[in-house]
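J.: Sequence and predicted model, in that order:
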Amino acid sequence: MASDLFIEIEHKFIVGSDFDQTSFFKKLSGLSPDRQSKISVKDTYFVLGHDRRHVFRHRFDKEIQQLTVKSVESDAAVRTEINIPIDQSKGDQSLAVDAFMKTLGAVWSAELAKDVQVAYFHDCEIVFYRAVSGADTVYCVEFEATNPASVEKGLEVLAKYETKLGFSPEARDSRSLFELLLMKKAPKEIQAMFATM
């Protein structure tokens, strides 16, 4: 892992297309979040030919634009995440990011779109989203600890909110969204690179 400053701590719960968002966000509102928002997000993931330990992501939405590197772990609950902001005033920088990633050795990329509804708390972001890539769709509730003092404290934060909202630890999915939605679209050689993780 990189420094604790660059660790993402999150739990992901896959839900069905019939998930009751209205009831869920009513419960969330009862916990008094600092704010809530709805956004549409475009994520493009990149794989480097010589690196099976990381994936790169270009994110663009109305609030942020960034280039991110994430470690690939056997369990995506705790992993390296380093975000580099991109000037939002310049608009979607997809072409520049694509060209930049190719100079680093990117051999494959894939895009997904997310419709996101998020509640922000001082110690956690709780998100429901529908993620789509081609004909494939994933519905998910995600809990992410924000600025925890340690990994252990971050996991405690997740457990606190999961308990309040009725999510069982046994139902958690250990895969990243990259694995859930994009990996099966990758060429066989790319899939083989990550098969032993």
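T.: Thanks, I have the structure now.
J.: So for the chain, the centremost residue is which one?
T.: Nearest residue to the geometric centre of the chain (Cα atoms, centre = their mean): L177, 6.2 Å.
J.: Could I get the pLDDT score of that residue?
T.: Turning to L177, the model gives it a pLDDT of 95.
J.: What ranges does this protein have for its strands?
T.: 7-15, 35-48, 54-60, 65-71, 78-85, 106-120, 124-133, 136-145 (DSSP state E).
J.: which helices and strands sit right next to the longest one?
T.: Helices and strands touching strand 106-120, by 3 or more Cβ pairs under 8 Å, 6 or more residues apart in numbering; DSSP states H and E, are helix 21-30, strand 35-48, helix 94-103, strand 124-133. Placement of C-beta: from N, CA and C, glycine included.
J.: hmm, back to that, I'd like the strands of the chain written out as a markdown table, with distance to E189, mean pLDDT and mean neighbour count added.
T.: Formatted as a markdown table, those follow (distance: least, Cβ to Cβ, whole Å; pLDDT from 0 to 100; neighbours: other Cβ atoms under 10 Å):
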| stretch | distance to E189 | mean pLDDT | mean neighbour count |
| --- | --- | --- | --- |
| strand 7-15 | 27 | 97 | 19 |
| strand 35-48 | 10 | 97 | 16 |
| strand 54-60 | 15 | 97 | 20 |
| strand 65-71 | 21 | 98 | 19 |
| strand 78-85 | 23 | 96 | 15 |
| strand 106-120 | 8 | 97 | 18 |
| strand 124-133 | 20 | 98 | 19 |
| strand 136-145 | 21 | 98 | 19 |
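J.: following the longest helix seen in the chain, which helix or strand comes up?
T.: Ranked by number of residues, the top helix in the chain under DSSP state H is helix 151-164. Next in sequence after helix 151-164, counting helices and strands by DSSP states H and E, comes helix 177.
J.: picking up where we left off before, export the helices and strands packed on strand 106-120 to JSON lines and append columns for distance to Y161.
T.: As requested, these are exported to JSON lines (distance: least, Cβ to Cβ, whole Å):
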{"stretch": "helix 21-30", "distance to Y161": "9"}
{"stretch": "strand 35-48", "distance to Y161": "14"}
{"stretch": "helix 94-103", "distance to Y161": "33"}
{"stretch": "strand 124-133", "distance to Y161": "5"}
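J.: For D173, find the nearest of those.
T.: strand 124-133 (12.7 Å; Cβ to Cβ).
J.: how close does S109 sit to H50?
T.: 16 Å (Cβ to Cβ, to the nearest Å).
J.: Ok, L177 next?
T.: Applying Cβ to Cβ to L177 and H50 gives a distance of 23 Å.
J.: what's the answer for L5, then?
T.: L5 sits at a distance of 26 Å from H50 (criterion: Cβ to Cβ).
J.: Adding distance to K26 as columns, could you present the strands of the chain in JSON lines?
T.: Shown next, in JSON lines, are the strands of the chain (distance: least, Cβ to Cβ, whole Å):
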{"stretch": "strand 7-15", "distance to K26": "16"}
{"stretch": "strand 35-48", "distance to K26": "12"}
{"stretch": "strand 54-60", "distance to K26": "28"}
{"stretch": "strand 65-71", "distance to K26": "31"}
{"stretch": "strand 78-85", "distance to K26": "30"}
{"stretch": "strand 106-120", "distance to K26": "11"}
{"stretch": "strand 124-133", "distance to K26": "12"}
{"stretch": "strand 136-145", "distance to K26": "14"}
